[in-house]
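> compute the structure for the input listed below.
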Amino acid sequence: MQILFQFDVRAVALFVGMTFFVQATAIGAQAFLIRDLKQYRGVGAALLANLFVAAGLLLRLFADQLPEFLSIILSNLLLLTGPGLFYIALSQFTGFPYSKVLVIGIIAVVLVLLANFTYWDVDLVKRVLTFSLGSLAMTCLLISQLWRIQKTALRFSANLMLISFLVHAAFLVFRTTSVVRNPPQDSFTLTPAQSATYLFSFAISFFWTTGFVLMVSHRLRNDLLEIATMDVLTRVPNRRATQVFLEKEISRAQRQNVEFSILLIDIDDFKQVNDRWGHSVGDEVLAKTANLFQSMIRKQDLVGRWGGEEFLVIVPGPCDADVLAERIRSEIAVAEYSHGKGSFHITVSIGIACASETSLRDEILKQADDALYNAKMTKNAIQMAKEG
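Reported below is the predicted structural model:
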C-alpha cells in the first residue's frame, strides 16, 4: 500500500481516464462495424458511457486550475452519467424495460446536493458521500438489470459484469462508511480509500467493456449462425442444416444399431398458387405450411426446407412415421389459406423412407424421392418406399 502513495492523484486519474478512453475505442470500433444493423440498439450509449467517465476523470486533473463548476459539478456529473448510460445501453440491447426517469432523477438529486455542498454549505465530506451514494444507486440499477439478463442466452457476459458490479457495490458501501469514519482533508491526497476507488474504476472499465463486447459478439455469432442454417422465409432449417442433421442421424443409427424415418413432402400444384394469386401469396403458403409442420412434430424431430416447395422431415425412432405422415396430409388438406379476397386449400404428397444402420444418405434420399414421385401420381397421397 505504501507504493501507492508515491504516485500523485492526478497521475492515477490520468491512467484510469485513459483506460476508459481506450475501452471506448473498442466499443466504438464495434459500433462502426455494425452501424447498419438497426436491431443492435444500445451500442452507441455504451460508447458514450465510457467517454463520459473518461472525460469526468480527466477533468479532475485540472481541479486546481478550472472553476469548481467544471472540476467538481461537471466532473462528478459525467462520472455518474456514465453508469447511467451503460444501464440504458444494456437495456436497449437486450430489450428489457428500463426507466430513464429513474436515471435522470438520481443524477438530478446528486447534482443539486453537489451544488449545495460546493457553493453554499461547503462540505467536502458531504460532497464525497453524495457522489458515493449516487454511484451506489446507479450501480444497483445495473445489478438489477444484469440479474434479469443473466437468465437469458447472454448469461456468460451478463454474469461477468454482474459479479464486477456486485463487488463494486460492496466497495461503495465500504467507501461510504470509511469517509464517515475518516473524513478526507482534501481532494488530492491519495488515501487508501481513493487508491481503492481508482483501482475499482480500472477493473470496472475492463469488465463492463469486455462483458458488453462479448454480449454483442455472442448475438452476432447467433445471427450469423441463423443466417447460415435457417431458411429466411419459412423460419425452419435450410437444406444445408437439414443435411447436417441427416448425417448425424445416419451416424447415430450406425453406432447404436437403430432406425429412423424421413418424410419428403411436396406441396401439390404449388405453381398454380403462384400463377393465380402471386408469389407473395405463395410465400405465405410456404411459411404457414412450415409452421404447421413444426406444430406436428416432436422436439427430437426436424423439419427443414429441402428446396422450392419441398420439405424434409427427419423422425428418429422406429420406422412408424406413416402415422405422422397421415396426420400431416390430413391437417394440411383442411387448413385454410388466404389470398386477400378469400381462402383456398392445398394438399401435399409425401414419400416415406426408413433408414437402418446400413443406410447411406444418397440411398435413403433416393428411396424417399422415388416414393414421393409415386405419391404425386395421385396427389394428396402417402407412399412408402419399397424395401431394398
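> OK, contacts around the closest residue to Phe131 other than its chain neighbours?
For Phe131, ignoring the flanking residues on the chain, the nearest one in space by CB to CB, 6 or more residues apart in numbering is Asn76 at 5.1 Å. In this view, the C-beta of every residue, glycine as well, is placed from N, C-alpha and C. Asn76 makes contact with Gly56, Val110, Leu114, Phe131, according to CB atoms under 8 Å, 6 or more residues apart in numbering.
> kindly recompute the last result at 10 Å.
By CB atoms under 10 Å, 6 or more residues apart in numbering, the contact set of Asn76 is 56, 59-60, 107, 110-111, 114, 118, 127-128, 130-131, 134-135.
> and it, how far is that from Phe311?
61 Å (CB to CB, to the nearest Å).
> equivalent analysis for Val167, please.
Distance of Val167 to Phe311, given as CB to CB: 52 Å.
> any idea what the nearest residue in space to Pro316 that is not next to it in sequence is bridged to?
With sequence-adjacent residues excluded and distances taken as CB to CB, 6+ apart, Pro316 is closest to Phe260, at 4.6 Å. Beta bridges link Phe260 to Pro316, Ala355 when assigned by DSSP bridges.
> so the residue nearest to the spatial centre of the chain is in which element?
Centroid-nearest residue in the chain, with CA atoms, centre = their mean: Arg219, separated by 4.4 Å. Here Arg219 sits within helix 192-229, counting by DSSP states H and E.
> so what secondary structure elements neighbour that helix?
Applying 3 or more CB pairs under 10 Å, 6 or more residues apart in numbering; DSSP states H and E, one finds that helix 192-229 contacts helix 9-33, helix 43-59, helix 75-94, helix 124-149, helix 155-181, helix 239-256.
> next, Ile265: secondary structure please.
strand (DSSP: H, G, I helix; E, B strand; the rest coil).
> wait, it touches Ile314, no?
No. Counting by CB atoms under 10 Å, Ile265 does not reach Ile314; the two are 11.7 Å apart.
> between these two, who's got more neighbours?
Neighbour totals were compared for Ile265 and Ile314, and Ile265 leads with 26 against 23 (other CB atoms under 10 Å).
> okay, now the closest residue in space to the more buried one that isn't next to it in sequence: neighbour count?
Leaving aside its sequence neighbours, Ile265 sits nearest to Phe311 (CB to CB, 6+ apart; 4.6 Å). Phe311 has 26 neighbouring residues, counting by other CB under 10 Å.
> mind checking the SS state of Phe311?
Note that with three-state DSSP, the state of Phe311 is strand.
> where does pLDDT dip in the chain?
Low-confidence segments of the chain (pLDDT under 70): 1-13, 15, 63, 183-200, 387-388.
> which parts of it belong to which domain?
4-227, 239-384 (automatic domain parsing).
> quick one: contacts for the nearest residue to Met18 once chain neighbours are set aside?
Excluding its sequence neighbours, the residue lying closest to Met18 (CB to CB, 6+ apart) is Ala54, at 7.3 Å. Neighbour list for Ala54: 16-24, 78-79, 82, 205 [criterion: CB under 10 Å, 6+ apart].
> now with 7 Å?
Ala54 makes contact with Gly17, Phe20, Phe21, Ala24 under the criterion CB atoms under 7 Å, 6 or more residues apart in numbering.
> for stretch 48-63, output the C-alpha coordinates as CSV.
Coordinates of each C-alpha in stretch 48-63 appear next as CSV, following Å, rounded to 0.1, in the frame of the first residue of the first chain:
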residue,chain,number,x,y,z
LEU,A,48,-20.9,7.4,-24.6
ALA,A,49,-20.8,5.7,-21.2
ASN,A,50,-17.1,5.1,-21.4
LEU,A,51,-16.4,8.5,-22.9
PHE,A,52,-18.3,10.3,-20.2
VAL,A,53,-16.4,8.5,-17.4
ALA,A,54,-13.1,9.2,-19.2
ALA,A,55,-14.0,12.9,-19.5
GLY,A,56,-15.1,13.1,-15.9
LEU,A,57,-11.8,11.7,-14.6
LEU,A,58,-9.7,13.9,-16.9
LEU,A,59,-11.4,17.0,-15.6
ARG,A,60,-10.2,16.1,-12.2
LEU,A,61,-6.6,16.5,-13.4
PHE,A,62,-7.1,20.3,-13.5
ALA,A,63,-9.1,20.7,-10.4
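> quick one: buried residues of that stretch?
Along stretch 48-63, these residues count as buried under the neighbour rule (16 or more other CB atoms under 10 Å): 48-61, 63.
> with stretch 357-373 instead?
Of all the residues in stretch 357-373, those buried under the rule 16+ other CB under 10 Å are Ser359, Ile364, Leu365, Gln367, Ala368, Asp369, Asp370, Ala371, Leu372.
> could those be laid out in a markdown table, adding secondary structure and distance to Ile88?
A markdown table is the format used below for the buried residues of stretch 357-373 (DSSP: H, G, I helix; E, B strand; the rest coil; distance: CB to CB, whole Å):
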| residue | secondary structure | distance to Ile88 |
| --- | --- | --- |
| Ser359 | coil | 55 |
| Ile364 | helix | 53 |
| Leu365 | helix | 52 |
| Gln367 | helix | 57 |
| Ala368 | helix | 53 |
| Asp369 | helix | 54 |
| Asp370 | helix | 59 |
| Ala371 | helix | 57 |
| Leu372 | helix | 54 |
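> okay if I get those as JSON lines plus distance to Glu284?
What follows is these, written out as JSON lines (distance: CB to CB, whole Å):
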{"residue": "Ser359", "distance to Glu284": "36"}
{"residue": "Ile364", "distance to Glu284": "31"}
{"residue": "Leu365", "distance to Glu284": "28"}
{"residue": "Gln367", "distance to Glu284": "32"}
{"residue": "Ala368", "distance to Glu284": "27"}
{"residue": "Asp369", "distance to Glu284": "27"}
{"residue": "Asp370", "distance to Glu284": "31"}
{"residue": "Ala371", "distance to Glu284": "28"}
{"residue": "Leu372", "distance to Glu284": "23"}
